[in-house]
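Q: Just need the structure, nothing else, for what follows:
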Amino acid sequence: MSSDPRLEKQVHSHPYPLLFVTISGAHLYGFPSPDSDFDLRGVHLLPLQDVVGLTPTGETVEKSGIDDGLEIDLVTHDVKKFFGLMLKKNGYVLEQLLSPLIVYTTPEHEELKAISRNCLTRHHAHHYLGFAQTQWKLFQTADPPHVKPLLYVYRVLLTGIHLMRTGNVEANLTNLNDESRLPYIKELIDRKTGGPELGRLEAADFEFHQKEYERLRSGLQTAFEESPLPDTPSGTAALNDLLVRIRLKTEAK
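A: Numbering: from 1, shown residues only. The predicted structure is shown next:
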């Protein structure tokens with residue numbers, strides 16, 4: 001768990017009780033730059049009176065700013081909204097839930113992580129294919145090309161392939177590359193983490209990375225077609241049970 005008081009302060013100052021807060025973004029993916037902000041993501045618990053009315057309020061809390069030199073971006077969702085996202089082909093929320101970089105946790109967080117295995121489907125591949133395409137377009141349009149979107153391309157494609165094959169969510173690019181052994185990944189990470197002056201590529205590198213993008217994209221498509229993961233999630237009942245228990249526990253306090 002994080003011991004940085006600047007991150008812990010975000011927990012203590014949050015307007016609602018929290019189920020968990022983890023670190024996402026470049027720190028989770030394994031390639032933070034010296035100036036990278038901290039992306040905090042989590043789940044909060046709205047009081048009952050805020051969720052039973054016609055117009056729910058506070059479903060998402062967003063806050064960003066600088067605390068003692070540390071740039072922090074915080075986004076949390078109410079427990080019901082987050083659980084609903086878990087039942088869709090949304091890789092982000094599963095990466096946030098399962099992030100090993102924990103700022104705040106509860107017993108319900110551990111229970112939710114166990115349930116998440118029954119929320120994984122082969123159709124999560126579409127999330128990673130779509131995000132890789134978006135990042136590739138960003139890489140294409142920059143002149144000279146930037147390392148950051150290219151690293152995101154490789155990260156999401158390898159995460160998707162790994163998920164389709166193993167049923168496990170792994171968001172750290174270095175860990176993923178221990179399996180894939182792509183020789184250029186370490187150099188790209190070193191460029192990204194070395195500072196802005198190293199975060200660009202020569203135009204001559206574009207053709208090579210385009211071929212790799214197309215190869216890995218095809219690999220994710222094949223992994224999707226061959227994946228043993230189910231077509232639909234089976235965790236709905238368990239999420240509903242946990243949601244009801246959390247609401248009742250919060251109201252009883």
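Q: all helices for the stretch 101-250 of the chain, in order.
A: If you assign secondary structure with DSSP state H, counting those that start in this stretch, the helices in the stretch 101-250 of the chain sit at 107-116, 124-141, 147-166, 173-180, 185-193, 206-226, 236-252.
Q: need these in CSV with mean neighbour count and mean pLDDT, can you?
A: Placement of C-beta: from N, CA and C, glycine included. As requested, the helices of the stretch 101-250 of the chain are arranged in CSV below (neighbours: other Cβ atoms under 10 Å; pLDDT from 0 to 100):
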stretch, mean neighbour count, mean pLDDT
helix 107-116, 16, 98
helix 124-141, 18, 96
helix 147-166, 23, 96
helix 173-180, 16, 96
helix 185-193, 18, 92
helix 206-226, 15, 96
helix 236-252, 14, 91
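Q: Is it possible to get JSON lines of those helices that adds distance to residue 93?
A: As requested, the helices of the stretch 101-250 of the chain are arranged in JSON lines below (distance: least, Cβ to Cβ, whole Å):
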{"stretch": "helix 107-116", "distance to residue 93": "9"}
{"stretch": "helix 124-141", "distance to residue 93": "10"}
{"stretch": "helix 147-166", "distance to residue 93": "14"}
{"stretch": "helix 173-180", "distance to residue 93": "19"}
{"stretch": "helix 185-193", "distance to residue 93": "25"}
{"stretch": "helix 206-226", "distance to residue 93": "19"}
{"stretch": "helix 236-252", "distance to residue 93": "12"}
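Q: Select, out of these, the one closest to residue 68.
A: Proximity of the helices of the stretch 101-250 of the chain to residue 68 was assessed by Cβ to Cβ; the nearest stretch is helix 185-193, lying at 22.1 Å.
Q: and the angle for the closest one with helix 206-226?
A: Following axes from the mean of the first three to the mean of the last three Cα atoms, to 10 degrees, one obtains 110 degrees for the angle between helix 185-193 and helix 206-226.
Q: can I see the domain layout of this protein?
A: As assigned by automatic domain parsing, the chain contains the domains 5-119+234-252, 124-226.
Q: end to end, how far does the last one reach?
A: Across domain 124-226, the terminal residues are separated by 13 Å (Cα to Cα, to the nearest Å).
Q: what's the distance between residue 241 and residue 219?
A: Separation of residue 241 from residue 219 (Cβ to Cβ, to the nearest Å) stands at 38 Å.
Q: low-confidence ranges in the stretch 1-150 of the chain?
A: Counting by pLDDT under 70, the stretch 1-150 of the chain contains low-confidence residues at 1-2.
Q: can we see that at 50?
A: Within the stretch 1-150 of the chain, the set of residues satisfying pLDDT under 50 is empty.
Q: how about the strands in it?
A: 18-24, 38-44, 60-67, 70-78, 102-104 (DSSP state E, counting those that start in this stretch).
Q: Now render those as CSV, adding distance to residue 147.
A: Putting these into CSV (distance: least, Cβ to Cβ, whole Å) gives the following:
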stretch, distance to residue 147
strand 18-24, 19
strand 38-44, 18
strand 60-67, 24
strand 70-78, 20
strand 102-104, 27
